[in-house]
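A.B. asks: need the 3D shape of this:
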Amino acid sequence: MSIPPPPGPHQPQGPYQPPQSGHPQYPQYPQYPQGPYGQQPPQPYPGPYQPWGQGYGPYVPEPPVNGLAIASLVLGLLCFLPGVGLVLGLIGLSQIRRRGERGKAMAVIGSVLSSAGLALWVLVLATGGAGEIWYGVKEGANDSSSLSLSTGDCFDTPDGTLTGDLVSDVDVVDCAKAHDGEVFATYRLKGSSYPGDDSVGTSADERCYALEDGYAMDGWAIPDDVDVYYFTPSEDSWKYGDREVACVFGNTTEGRTLSGSLRNDESVLDADQVAYLDAAHVLNSALATVPEARYVEDDLPGYRRWAGRVTTAVGKQTAMLRAYGWGPDAKRPVSDLIADLDQAKAQWAKAARATDAHTYYAHYDKGWTLLDPKRTVTARKALGLATTPPSDDGGGGGSGSGGTGSGLEV
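C.D. replies: Below you'll find the model as predicted:
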């Protein structure tokens, strides 16, 4: 039979006995073991915290983040200089292990991303993609050059004109349709610094007229209301690498357009036509070197030298015409033209030896008449070339005048 516990709070038996009276007493603590330095007196409360090694010590700051790890991560994320990013990441990992610095994760990620970027660059170089990228860069630069036009392009301008302010944008169109201009040549200027508006304009004026014959070999096929224009780099576009000059044909009447392509070169003409025009260009080039003086009396030596150049050119022209094997339709007309040229050569040679202006005029007038463009119409018709001389080629010469200028074309 169990006996119930006595009334009152029941306390378990243990090493600490409940107090015997109503007054609280401090608890009894176990005795500390005997130490090597003698008996320590008992203490009612635990002692203070012990020095470092048994409790909390002074604050120790966190180690710094490795700078190379940060740089490797940045280069890896940007895929910029992947080789450098990989090297920095590996060096950073080595420093982190040696110095106890932070940033191991950044160094690892940067190294991995840089390795991937390096592999991508190797792949691009191996497959030729770098060439395509460079081509794209060049094309992008060309987009800011002189309208990015190529020889043979026909185009429209925003306002329909080719003069005034710089044309900043054009639309390339089919040459079979009405258009504002047609590019017949392009070339690039040289130099690192902008040469100035006047210098650029002078260069374009000289070069474009000289390049005209290469695209339109038969000047007679160019309408009278068509002239040469050009687009050049501006001082601002020069800073971005623009060096291209575009030489174009355009209508001299504002608001009027061109119709059809004006190209007549070896890609359009047949062999007989090219042979005739090549010979004619020899003479045309010499005629274009007439002295600037209006009258022979003002520069007789200059006009004599010019007559000598014309004499040489006529001789070369006739040699070229004789050497070519003309077809039955063109053989007789070309032979008649050669006979006129032989007579003209004799007169120009005498003009080149003239000792006074009066003698010069006498032979010049005869030689000029024999070079009249109308004398070439029969041969041109037989060859299928244009037969209407340009309006500014209606002869010239006569006493008291100098040469005909550069307008004559045969």
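
A.B. asks: isn't residue 253 right up against residue 226?
C.D. replies: No. Residue 253 lies out of contact with residue 226 (Cβ atoms under 8 Å); the separation is 9.7 Å. For every residue, glycine as well, the C-beta is placed using N, CA and C.

A.B. asks: more neighbours, these two?
C.D. replies: The residue with more neighbours, out of residue 253 and residue 226, is residue 226; 18 against 9, by other Cβ atoms under 10 Å.

A.B. asks: show me what that one is bridged to.
C.D. replies: Beta bridges link residue 226 to residue 251 when assigned by DSSP bridges.

A.B. asks: quick check: what element follows the worst-scoring helix or strand of the chain on mean pLDDT along the chain?
C.D. replies: With mean pLDDT, DSSP states H and E as the measure, the helix or strand of the chain carrying the lowest mean pLDDT is helix 129-142 (a mean of 49). Counting by DSSP states H and E, the next helix or strand C-terminal to helix 129-142 is strand 154-156.

A.B. asks: can you show me the helices along this structure?
C.D. replies: Using DSSP state H, the helices of the chain run over 67-78, 82-99, 104-127, 129-142, 197-215, 235-239, 271-287, 300-323, 328-352, 357-370, 377-383.

A.B. asks: select, out of those helices, the one closest to residue 259.
C.D. replies: Closest of the helices of the chain to residue 259 is helix 197-215, at 17.2 Å (criterion: Cβ to Cβ).

A.B. asks: mean confidence score for the closest one?
C.D. replies: Looking at helix 197-215 alone, the average pLDDT works out to 94.

A.B. asks: now the angle between helix 271-287 and it, please.
C.D. replies: Relative orientation of helix 197-215 versus helix 271-287 (axes from the mean of the first three to the mean of the last three Cα atoms, to 10 degrees): 140 degrees.

A.B. asks: for helix 197-215, packing partners?
C.D. replies: strand 181-188, strand 226-231, strand 244-251 (3 or more Cβ pairs under 8 Å, 6 or more residues apart in numbering; DSSP states H and E).

A.B. asks: and those: which comes nearest residue 302?
C.D. replies: Using Cβ to Cβ, the helices and strands packed on helix 197-215 put strand 226-231 closest to residue 302, at 26.1 Å.

A.B. asks: so what does that closest one touch, helix or strand wise?
C.D. replies: Secondary-structure packing of strand 226-231 (3+ Cβ pairs under 8 Å, 6+ apart): helix 197-215, strand 244-251.

A.B. asks: with adjacent residues omitted, what lies nearest to residue 279?
C.D. replies: Leaving aside its chain neighbours, residue 279 sits nearest to residue 320 (4.0 Å; criterion: Cβ to Cβ, 6 or more residues apart in numbering).

A.B. asks: quick one, what contacts that neighbour?
C.D. replies: 275, 278-279, 282 (Cβ atoms under 8 Å, 6 or more residues apart in numbering).

A.B. asks: and of the residues you listed, the nearest to residue 173?
C.D. replies: Closest to residue 173 out of these is residue 278 (31.6 Å), distances taken as Cβ to Cβ.

A.B. asks: any idea how far the closest one is from residue 160?
C.D. replies: 36 Å (Cβ to Cβ, to the nearest Å).

A.B. asks: neighbour-wise, which of these two wins?
C.D. replies: Legend: neighbour count by other Cβ under 10 Å for residue 278 and residue 160, higher for residue 278 (16 against 12).

A.B. asks: from residue 297, how far out is the more buried one?
C.D. replies: Distance, residue 278 to residue 297, by Cβ to Cβ: 36 Å.

A.B. asks: contact partners for residue 150?
C.D. replies: By Cβ under 8 Å, 6+ apart, residue 150 lies in contact with 183, 186.

A.B. asks: repeat that with 10 Å
C.D. replies: Listed by Cβ atoms under 10 Å, 6 or more residues apart in numbering, the contact partners of residue 150 are 142, 172, 183, 186, 244, 246.

A.B. asks: for residue 386, same thing?
C.D. replies: By Cβ under 10 Å, 6+ apart, the neighbours of residue 386 are 218-222, 264, 377, 380.

A.B. asks: next: residue 91.
C.D. replies: 66, 68-69, 71-72, 107, 111.

A.B. asks: show me which of these are buried.
C.D. replies: Buried by 16 or more other Cβ atoms under 10 Å: 66, 68-69, 71-72, 107, 111, out of the contacts of residue 91.

A.B. asks: including pLDDT, could the residues you listed go into CSV?
C.D. replies: Formatted as CSV, those follow (pLDDT from 0 to 100):
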residue, pLDDT
66, 80
68, 80
69, 77
71, 82
72, 75
107, 76
111, 80
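
A.B. asks: ok, so of these, who is nearest residue 287?
C.D. replies: Of all the buried ones among the contacts of residue 91, residue 287 sits closest to residue 71, with 71.0 Å by Cβ to Cβ.

A.B. asks: and the nearest residue to that closest one once chain neighbours are set aside, how close does it get to residue 263?
C.D. replies: Once flanking residues are discounted, residue 71 sits nearest to residue 88: 5.0 Å by Cβ to Cβ, 6+ apart. Between residue 88 and residue 263 the computed distance is 58 Å (Cβ to Cβ).

A.B. asks: kindly report the same for residue 215.
C.D. replies: Residue 215 is 6 Å from residue 263, where distance means Cβ to Cβ.

A.B. asks: can you check residue 307 too?
C.D. replies: According to Cβ to Cβ, residue 307 and residue 263 sit 34 Å apart.

A.B. asks: who has more neighbours out of these two?
C.D. replies: residue 307 (26 against 19).

A.B. asks: wait, that one sits on residue 344?
C.D. replies: No. With contact defined as Cβ atoms under 10 Å, residue 307 does not count as touching residue 344 (11.1 Å).

A.B. asks: what's the overlap in contacts for the two?
C.D. replies: Counting by Cβ under 10 Å, 6+ apart, the shared contacts of residue 307 and residue 344 are residue 367.

A.B. asks: contacting residues around the closest residue to residue 174 other than its chain neighbours?
C.D. replies: Leaving aside its sequence neighbours, residue 174 sits nearest to residue 154 (Cβ to Cβ, 6+ apart; 6.9 Å). Residues near residue 154 by Cβ under 10 Å, 6+ apart: 170-183, 248-249, 257-258, 260-263.
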